[in-house]
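> no sequence on this one, just coordinates:
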């Protein structure tokens, strides 16, 4: 029969499985590789310029038919391939295949990829099925026998592959690698030279990335040995390129430029990572000083060749690479960079802020130069200490150089050019405003965008220079503001753009201008007038002014002006321009989120503004914009809390639709979850009306079997918790969601604390229903958690058990019975971690006080397991309880301990009477904790007693109690800790013990107590 893969005819026993036995045939191997499409994604082929259709050329054009075979065909191929991976000689076959230039390029491409991926799995000696040393030696030799790969993409992969092996084996097991590479680089064959140089770069890059001290020393040894050669190589290829480009030989120049680029990449890694003290190496500092001249040559060259030259793209690449070399050296060796500060600043400032850069610079180069200036200005190593005597000489030297360079004229010109040139909105940005306003309005400017994008880079540079030299720059900026007073002619586009830039600068430097700008007066006298100009061209200024107010709101803005600002926001939320409306919403968030926000000032505008926010949410279409508006809505709801209730109807109706539409946008769904959290908190008990939407959202977000949980889990758990806290009563649907919890507890992630809070919320909401349905599975999860969790985590788990006993002493003890023997054992053993011991005693205290029969059965069970008498075990528990009372810091638990031990009285049990002194000791300590003296009557009162007639008094800043807070209050009223007077309880128990033993016997018992304790006890009990 015909083989399914290579279509050969092999009448063997293997034909029964439809797989032939031509395992020694490399083409058969590659048919298998091609059939298993998972080893290389189709988009990878396309990105590398390899068409999926040409894959069919291997093995008689049969791979296309293989690719469409069903799993019955693919599974044997996959299994065969997995078996071959671990067979000796497999990677030697792959090496032969990708070194065979006669085979189809796609076949060779797959072979080199498969080899490269296998290095991570099988090359290390300790790896399962590791390659033998003999085969590795053979493979290493085969990899560097020739550097004549004709296909660029495959050559790159081979270079990366060799670098991966070098990371593991060079120089110890592969000492010949570097010498062979250097020898090949010196050769005259152009292709061989390029491929060797490409490999040399990838090897250098990989070795430089190793961070262990021993690896770094090895790389430094390598660098010192080859640095001179690398410098001469770079210099040679660079000179060749410049000569060839001057001779108009672009074809030859392109090859030399490529070699110059690769050799520069090598030099960059050697320079930055190859020397511990590079400033002491003449060649290193010589190279870095030469960078400036080479940059000038290449910049001039790029001007001459023009934008359409075949060299243009690589010219820009090498220019950027030179700047990267300087930036990396500055980052890793700031002190060694000090001799280069002057030249770096002169170079960067010359090209950015003088006519020298006109017609030469391009955006990426401008960004790199700005970053160079910024890092020099901001570098902590260049700032002397406040006490000059404590400063390092290097810091003083660097500071002196900077001070000498940044003269008043230089700083003034830099500030002026940043504002008047780099801050101006470009034609492209203005076109984006018109064509795609949402993308313009939410363009990313945070994070590390300053490293790559011109506008955020210019703004960050402005901020850093302004912060360090504000006394010099403030007068110039204020003059620019003064020159732009009053409305600007809407026909004067240049002046409108300039005003936008200046206002941008004033917003960015708000904190620096605190003492120099009376923003309140400026707002009333100038900015309000600007906002009232409704001409469509003036939208630039309306948008910039409302942004400017947002920057100053937390810096200097009088509280009494807030209502006026809310009127402005209300007006601009109806502006015809979408960008203005989005910017206004952002300023509203900053205003509402400010420390000085007052709800009563905002309430008159709440309905109108909230309605307009909802309209904006519906109007915008982009995911990022909807997220931004939702964050504003969430912030408003959070700050006004219950006051939002009358106005959320439309939002509540819209959110389910938005949730459905955002199925493929998990970050938008996160924003919806955040909004729901604040909405539920604002609605309180009325959130029950949201259950039809709310509960399925919680179910999906917290189900770890659903892929979206990776994004939604944290917010989903928070929403689950606030829903429980604000729910007035349990429902079957709300109870059913808890099915998700077992899997969440198994994750043992950073969300465990929230999971425990959710369990507690269920206990407070409906302990009986909850425990009857889920206590068994919850107890299993807790038992598993306690086996492998920190002491703090143990305390959290046990706290849940304690709350279960508090809300339902009988059912809670029964349901969590499997956990309790470990608690009792921990007490007897004297658990060392105070928080855990305190919780142990709280749990046993609850059981002893409120479920004494269960405590007796637990003691009996434990005594039987330990082959002890119950009395002996009880004695150990009481003794340890008395000894570790100081571990309990919470007054509630200290009173609970006293009540629990006193509940053992009256008793004729000899063990309890032996421990009577300890019980009285704990009781007196607890009385000191909870009793307060009335200064007028001189009597004592238990301060932990609660009355149901007490109404909470809320200050203006306090949030109203949630439904869970109310449930806790009701529970507290029933809790012996808050309903039983400890003073009265002690008195009654002692009287009962006295009645049981008689006066004489009781007197003997009291003599076991320290006289000072007796005196204090009598003082507390006087008058009873």
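Sure, I can see it. Quick caveat: nothing in here was measured; it's all calculated off a predicted structure. Numbering: from 1, shown residues only.

> remind me, longest helix of the chain?
Assignment by DSSP state H gives helix 752-787 as the longest helix of the chain.

> average pLDDT across that helix?
When pLDDT is averaged along helix 752-787, the result is 93.

> tell me the mean pLDDT for the helix or strand that it is followed by?
Scanning forward in sequence from helix 752-787 by DSSP states H and E, the next helix or strand is helix 791-807. On average, the pLDDT along helix 791-807 is 91.

> do stretch 422-437 as well
Per-region confidence: stretch 422-437 scores 95 on mean pLDDT.

> show me how far it is from its chain's centre.
Chain-centre distance of stretch 422-437: 31 Å, with CA atoms, centre = their mean, to the nearest Å.

> show me the shaky parts of the protein.
Within the chain, the ranges that satisfy pLDDT under 70 run 1-74, 77-78, 81, 444-447, 936-938, 948-958.

> run the last query once more with 80
For the chain, the stretches with pLDDT under 80 are 1-84, 146, 306, 388-390, 443-448, 748-749, 933-940, 947-959, 1023-1024.

> tell me where it has strands.
931-933, 940-942 (DSSP state E).

> next, work out how far apart residue 680 and residue 769 are.
Counting by CB to CB, to the nearest Å, the separation of residue 680 from residue 769 is 21 Å. For every residue, glycine as well, the C-beta is placed using N, CA and C.

> check residue 147 too.
To residue 769, residue 147 is 74 Å away according to CB to CB.

> which one's more surrounded, the two?
residue 147 (26 against 15; other CB atoms under 10 Å).

> for the more buried one, which non-adjacent residue is spatially closest?
With CB to CB, 6 or more residues apart in numbering as the criterion, residue 147 has its nearest non-adjacent residue at 3.8 Å, and that residue is residue 195.

> related to what we said a few turns ago, most tightly packed of the strands of the chain?
Counting by mean count of other CB atoms under 10 Å, strand 940-942 has the highest mean neighbour count of these, with a mean of 18.

> that one - contacts with which helices or strands?
For strand 940-942, the elements it packs on are strand 931-933, helix 982-1006, judged by 3 or more CB pairs under 8 Å, 6 or more residues apart in numbering; DSSP states H and E.

> adjacent strands (with direction) for the shortest one?
Right, the one you point to is strand 931-933. strand 940-942 (antiparallel) (DSSP bridges).

> quick one on the thing from earlier: out of the helices and strands packed on strand 940-942, which is closest to residue 882?
Minimum separation from residue 882 across these (CB to CB) falls at helix 982-1006, 15.8 Å.

> and the closest one, how far from the chain's centre?
What separates the centre of helix 982-1006 from the centre of its chain is 62 Å, taken as CA atoms, centre = their mean.

> which elements pack onto it?
In terms of contacts (3+ CB pairs under 8 Å, 6+ apart), helix 982-1006 is packed against helix 891-902, helix 916-930, strand 940-942, helix 1011-1021.

> report the buried residues of the second one.
The one in question is helix 916-930. Buried residues in helix 916-930, counting neighbours by 16 or more other CB atoms under 10 Å, are found at 916-927, 929-930.

> got the contact list for residue 899?
845, 849, 976-977, 980, 982, 985 (CB atoms under 8 Å, 6 or more residues apart in numbering).

> looking at these, which one is closest to residue 892?
Nearest to residue 892 out of the contacts of residue 899 is residue 977 (CB to CB; 5.2 Å).

> what's the separation between the closest one and residue 846?
Going from residue 977 to residue 846 by CB to CB gives 10 Å.

> name the residues contacting each of those two.
residue 896.

> what are the ranges of the helices in the stretch 551-700 of the chain?
562-572, 578-592, 599-619, 623-640, 649-661, 666-683, 691-701 (DSSP state H, counting those that start in this stretch).

> quick one on the thing from earlier: and the helices and strands packed on helix 982-1006: which comes nearest residue 884?
Ranking these by their distance to residue 884 (criterion: CB to CB) puts helix 891-902 first, at 9.8 Å.

> would you mark the buried spots in that closest one?
By neighbour count on 16+ other CB under 10 Å, the buried set for helix 891-902 is 892-902.

> and stretch 114-129, by the same measure?
Within stretch 114-129, the residues that qualify as buried are 114-116, 118-119, 122-123, counting by 16+ other CB under 10 Å.

> repeat for stretch 273-292
For stretch 273-292, a neighbour-count test (16+ other CB under 10 Å) marks 273-275, 278-279, 281, 283-285, 287-288, 291-292 as buried.

> do the same with stretch 125-144
So, applying 16+ other CB under 10 Å, buried residues of stretch 125-144: 131, 135-136, 138-140, 143-144.

> who touches that stretch?
The contact list for stretch 125-144, computed with CB under 8 Å, 6+ apart, reads 85-86, 88-89, 91-92, 95, 99, 121-124, 158, 161-162, 165, 169, 173-174, 176-177, 180-181.
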